[in-house]
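Engineer: Need a 3D model of the following:
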Amino acid sequence: MRWVTFDCFGTLVDWRHGIHTSADLIAPGQGARLLEAYNRHEHAVQTESPALRYRHVLAEALRRACAEEKVELNDDDASVLATTLPYWPVFPEVGAELSALRAAGWNLALLTNCDRDLIAETLRRLPVPFEAVVTAEDAGAYKPASAHFDRFKRSYEPDAWVHVAQSYFHDMVPAHRLGIRRVWINRLGERPPDETIIQQSLPDLHGLVSAVQHR
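Structural biologist: Numbers count the residues shown, from 1 in each chain. As a prediction, the model looks like this:
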């Protein structure tokens with residue numbers, strides 16, 4: 001069984017656009033600031049409470065972002081990210097590239113820092129089906145912990161396995177630590193802290209089949 005596993009948000013779904021536009025709904029004109037502040041708080045919330053459902057992580061990180069940026073947040077508005085998440089846009093090349101992977105004989109899976117109910121809504125928007133999904137709710141932890149990867153390996157025993165993701169911190173580092181082949185989708189043009197961790201890098205999913213099949 002040949003598998004390509006993916007992170008979802010940031011890799012297949014435009015997570016930054018989703019948070020930015022959702023924050024603008026509750027604080028018009030403040031979406032960009034709140035997105036960057038949110039990024040500074042999410043991992044801390046996940047580390048403090050690894051069993052916390054992702055919808056509550058979203059709400060708490062948003063509360064902390066608003067407090068940091070001195071943006072007033074009504075109690076009822078803290079759930080805006082979980083409410084809008086199922087509608088966050090899929091990157092335009094995703095459908096064709098995932099279809100090409102399936103045509104080349106690869107099985108597809110998601111390893112996502114998300115709840116089962118939220119990813120179920122997102123899967124309806126992804127243009128290609130996935131054979132397997134491992135959520136933070138299933139794993140009992142959030143990446144960069146290894147629980148998603150360990151659970152997937154135990155469950156599916158892949159003969160060949162490539163992990164594809166946008167986040168250096170959440171995905172490339174643990175995949176490297178576990179010896180999993182990996183492709184970094186560097187959508188933001190970042191420079192990695194340790195370039196030796198990156199085996200292959202693409203600016204988006206275009207050309208992913210060749211990258212996955214390259215040894």
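
Engineer: what sits against Tyr142?
Structural biologist: Applying Cβ atoms under 8 Å, 6 or more residues apart in numbering, we find Tyr142 in contact with 43, 46-47, 50, 57, 113, 136, 170. Glycine gets a C-beta too; all of them are placed from N, C-alpha and C.

Engineer: Generate a ChimeraX selection restricted to the buried subset of the residues you listed.
Structural biologist: Entered in ChimeraX, the line below selects the buried ones among the contacts of Tyr142, by 16 or more other Cβ atoms under 10 Å:
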select :43,46,57,113,136,170
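
Engineer: how's the chain carved up into domains?
Structural biologist: 2-13+88-213, 15-86 (automatic domain parsing).

Engineer: Reformat these as CSV; add mean pLDDT.
Structural biologist: Formatted as CSV, the domains of the chain follow (pLDDT from 0 to 100):
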stretch, mean pLDDT
domain 2-13+88-213, 97
domain 15-86, 97
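
Engineer: Let me see the ranges of the helices in this structure.
Structural biologist: According to DSSP state H, the chain carries its helices in the segments 15-26, 31-48, 54-69, 80-84, 94-103, 116-123, 136-139, 147-156, 173-177, 208-213.

Engineer: So what's the residue count around the residue nearest to Leu208 when sequence neighbours are not counted?
Structural biologist: Setting aside the residues directly before and after it, Leu208 is nearest to Glu97 in space (Cβ to Cβ, 6 or more residues apart in numbering), at 4.8 Å. When neighbours are defined as other Cβ atoms under 10 Å, Glu97 has 20 of them.

Engineer: One more: Ser201?
Structural biologist: Counted with other Cβ under 10 Å, the neighbours of Ser201 add up to 16.

Engineer: Enumerate every residue touching it.
Structural biologist: Applying Cβ under 8 Å, 6+ apart, we find Ser201 in contact with 183-186.

Engineer: ok, now Arg177?
Structural biologist: Residues near Arg177 by Cβ under 8 Å, 6+ apart: Ser146.

Engineer: do Gln200 as well
Structural biologist: Here Gln200 is in contact with 182-184, 211, 214 (Cβ under 8 Å, 6+ apart).

Engineer: swap the cut-off to 7 Å and go again
Structural biologist: Taking Cβ atoms under 7 Å, 6 or more residues apart in numbering, we find Gln200 in contact with 183, 211, 214.

Engineer: Show me which of the residues you listed are buried.
Structural biologist: 183, 211.

Engineer: Now render the contacts of Gln200 as TSV, adding distance to Leu81.
Structural biologist: Compiled in TSV, those are given as follows (distance: Cβ to Cβ, whole Å):
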residue	distance to Leu81
Val183	28
Ala211	31
His214	37
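
Engineer: any idea which of the contacts of Gln200 is closest to Pro144?
Structural biologist: Pro144 lies nearest to Val183 out of those, by Cβ to Cβ, at 16.9 Å.

Engineer: Distance check, the closest one against Asp138.
Structural biologist: Remark: distance between Val183 and Asp138 (Cβ to Cβ, to the nearest Å) = 23 Å.

Engineer: how far is stretch 74-94 from where the chain is centred?
Structural biologist: Distance of stretch 74-94 from the chain centroid (Cα atoms, centre = their mean, to the nearest Å) equals 13 Å.

Engineer: so how far is the first residue of it from its last?
Structural biologist: Taking Cα to Cα, to the nearest Å, stretch 74-94 runs 36 Å from one end to the other.

Engineer: and which of the contacts of Gln200 is nearest Thr196?
Structural biologist: Within the contacts of Gln200, distances to Thr196 taken as Cβ to Cβ reach their minimum at Val183, with 15.3 Å.
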